[in-house]
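Chemist: Provided below for reference: sequence and predicted model.
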Amino acid sequence: MTAGTPAAPAPERSLSIGPDGWLAEGRGVLRRPSPNHDQRPDDEDPCLLVIHNISLPPGVFTGEAIIDFFQNRLDIASHPWFEHIRDLRVSAHFLIRRDGTIVQFVPTVLRAWHAGVSSFEGRERCNDFSIGIELEGTDTLAYTDAQYERLDALAAAIRARHPIRAVRGHEHIAPGRKTDPGEAFDWERFERGERSHETTHHRHHPGGR
C-alpha cells in the first residue's frame, strides 16, 4: 500500500452490476444518487469507459465535498475555490476514493454528465455512449494501490454488464481542455490489472488512439 494511504474498508473483491445499472451494495460500495443524468439517446448500450480524477478542494482528500458537488448540495461558501464550480451540474457514474471505497451516483444504463465537450473516434458527445469513473486524486500525485485494485474490479464488472470496447482518459477525449487522469495514472498497471480479470470482451490499449 502507498505510504500514508488509509486502509481500505475490507471491500468485496468481486463486484457485479444489476440489470438496473447499479452495483450490488456491499462493503466498500455506497450509493449516493445524483440528479445530474438523463436518458441515453435511443437507450444506447455504452461502449466507452472514461477515467477522470477529482479532488475538492484541489489536492484535498477528506470530507464529502465531491459527493455533495455531484448531488448539487455543495456549500459554496465553505471554501473560496468552490466559486469556480458554483454553476456546474455534473456527475460521473462512479467515484473511487483514496481508500478504495466506490461511490455510485448514476446507474450505468443512464447518461451521466461527466465528459462535457468531447470526441472519440470522430463521434462527439461522449456522454451518450460512455461510463465515467472518477478517481479521487490529482494529475501529479500517485494514485493508491487500493484505487487500482478497485478500478480493476469495477472495470471488470462494467465489462460484464456492457459491451465496453475501449478505455480512455478524459484527456484523450477532450485534449487541450482536460488533463486528467494525468501523468500520475499508470496505464500499464491498469492494463495488467484488467488482464487479470477474465472477460469476454477484447481489450484496447487505453492510451491509444
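Modeler: That came through fine.

Chemist: show me the shaky parts of the protein.
Modeler: 1-13, 197-209 (pLDDT under 70).

Chemist: would you state the strands of it in chain order?
Modeler: Assigned strands in the chain, in chain order: 29-31, 37-38, 48-54, 94-96, 102-104, 111-112, 119-120, 123-124, 130-136, 166-169 (criterion: DSSP state E).

Chemist: gap between the two ends of stretch 101-117?
Modeler: Its first and final residues considered, stretch 101-117 spans 28 Å by CA to CA, to the nearest Å.

Chemist: for that stretch, buried residues please.
Modeler: 101-115 (16 or more other CB atoms under 10 Å). Just so you know, the C-beta spots here come from the backbone N, C-alpha and C atoms, and that holds for glycine as well.

Chemist: do I have it right that Asp20 meets Thr108?
Modeler: No - contact between Asp20 and Thr108 fails when scored by CB atoms under 8 Å: they sit 9.1 Å apart.

Chemist: can you tell me which two in the buried residues of stretch 101-117 are farthest apart?
Modeler: Thr101 and Arg111 (24.2 Å; CB to CB).

Chemist: buried residues in stretch 68-85?
Modeler: Buried-residue list, stretch 68-85, by 16+ other CB under 10 Å: 68-71, 74, 82.

Chemist: my error: substitute stretch 28-45 in the last question.
Modeler: 28-29, 32, 34, 36-37, 40.

Chemist: repeat that for stretch 88-105.
Modeler: Result for stretch 88-105 [16+ other CB under 10 Å]: buried residues 90-105.

Chemist: redo the buried residues of stretch 28-45 as JSON lines? Include distance to Thr179.
Modeler: Formatted as JSON lines, those follow (distance: CB to CB, whole Å):
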{"residue": "Gly28", "distance to Thr179": "28"}
{"residue": "Val29", "distance to Thr179": "29"}
{"residue": "Arg32", "distance to Thr179": "26"}
{"residue": "Ser34", "distance to Thr179": "24"}
{"residue": "Asn36", "distance to Thr179": "22"}
{"residue": "His37", "distance to Thr179": "24"}
{"residue": "Arg40", "distance to Thr179": "27"}
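
Chemist: pick out the most distant pair among those.
Modeler: Gly28 and Arg40 (27.5 Å).

Chemist: just give me the residue right at the centre of the protein.
Modeler: Ile133 (0.8 Å; CA atoms, centre = their mean).

Chemist: let me see the contact set for the nearest residue to it once chain neighbours are set aside.
Modeler: Nearest residue to Ile133 in three dimensions, chain neighbours excluded: Phe94, at 4.7 Å (CB to CB, 6 or more residues apart in numbering). Taking CB atoms under 8 Å, 6 or more residues apart in numbering, we find Phe94 in contact with 102-105, 131-134, 154.
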